[in-house]
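> structure for the following, please:
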Amino acid sequence: MTFKKMTLAAALTLTAGVALAANPMVGGAAMYADRNIVENAVNSADHETLVAAVKAAGLVDTLQSKGPFTVFAPTDDAFGMLKPGTVETLLQPENKDALTKVLTCHVVAADVMSAALVGMIEDDGGVHDVPTVGGCTLKASYSNGEVTITDERGRDAKVTIADVDQSNGVIHVIDTVLLPAM
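I've put the predicted structure just below:
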């Protein structure tokens, strides 16, 4: 890794509020590197909607499996920014396929820490394509110490907490729900 990449990665880590020696707190709860994504997410007061959606979509077993996974985890406030009624509609059993598509567009089948992501962004000239398990292609970029993830509709999500290490991958908390192209 070049000095420039290390500097960018360090800046991302520090601006996202991540302690270098330990996992950050998320939603008022400690996150433990020896627990899986679901075991940690259920303790975050900021991710109650995401946890309910994962349960409704039947993805609990998948996200508790070996992985590795990178999850861009939208907060409850992020879900609250969707059109009124969207979350309630997606959580209905008859909309399980649409909910699964939205959720799996937040999951990458790899363990991608911020330093690696920033390096890929730099190597690709400022924007890196991120394929998800849901078939979406997200665009990752880095500017002013922040990683931005752009969905297929052109909506931007900022990584607000990076590098929450899990036994089966990593979580990066984001401020916007990522949506697939329709």
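> for the host helix or strand of Ile161, which positions count as buried?
Element membership of Ile161 [criterion: DSSP states H and E] is strand 156-166. For strand 156-166, the neighbour count (16 or more other C-beta atoms under 10 Å) marks 157, 159-166 as buried. Quick note: C-beta positions are derived from backbone N, CA and C, even for glycine.
> quick one: Asn36 from Asp111, how far?
For Asn36, the distance to Asp111 (C-beta to C-beta, to the nearest Å) stands at 12 Å.
> shared neighbours of the two, anything?
Gly67 (C-beta atoms under 8 Å, 6 or more residues apart in numbering).
> distance to Ala45 and pLDDT added to the buried residues of strand 156-166, as JSON lines?
Below are the buried residues of strand 156-166 laid out as JSON lines (distance: C-beta to C-beta, whole Å; pLDDT from 0 to 100):
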{"residue": "Ala157", "distance to Ala45": "20", "pLDDT": "98"}
{"residue": "Val159", "distance to Ala45": "19", "pLDDT": "97"}
{"residue": "Thr160", "distance to Ala45": "15", "pLDDT": "96"}
{"residue": "Ile161", "distance to Ala45": "13", "pLDDT": "95"}
{"residue": "Ala162", "distance to Ala45": "19", "pLDDT": "94"}
{"residue": "Asp163", "distance to Ala45": "20", "pLDDT": "95"}
{"residue": "Val164", "distance to Ala45": "15", "pLDDT": "95"}
{"residue": "Asp165", "distance to Ala45": "20", "pLDDT": "95"}
{"residue": "Gln166", "distance to Ala45": "18", "pLDDT": "94"}
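> now the helices for the protein?
Here the chain has its helices, by DSSP state H, at 3-15, 37-41, 48-57, 60-64, 76-80, 86-90, 96-104, 114-123.
> buried set for the fourth one?
Of the residues in helix 60-64, those scored as buried under the neighbour-count criterion (16+ other C-beta under 10 Å) are 60, 62-64.
> other SSEs contacting that helix?
Counting by 3 or more C-beta pairs under 8 Å, 6 or more residues apart in numbering; DSSP states H and E, the packing neighbours recorded for helix 60-64 are helix 37-41.
> can I get the helix it packs on as PDB, trimmed to CA atoms?
Output in PDB follows, covering the C-alpha atoms of helix 37-41 (Å, rounded to 0.1, in the frame of the first residue of the first chain):
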ATOM      1  CA  ILE A  37     -23.300  -9.600  11.800                       C
ATOM      2  CA  VAL A  38     -26.700 -10.500  13.200                       C
ATOM      3  CA  GLU A  39     -25.600 -11.000  16.700                       C
ATOM      4  CA  ASN A  40     -24.100  -7.500  16.800                       C
ATOM      5  CA  ALA A  41     -26.800  -5.800  14.800                       C
END
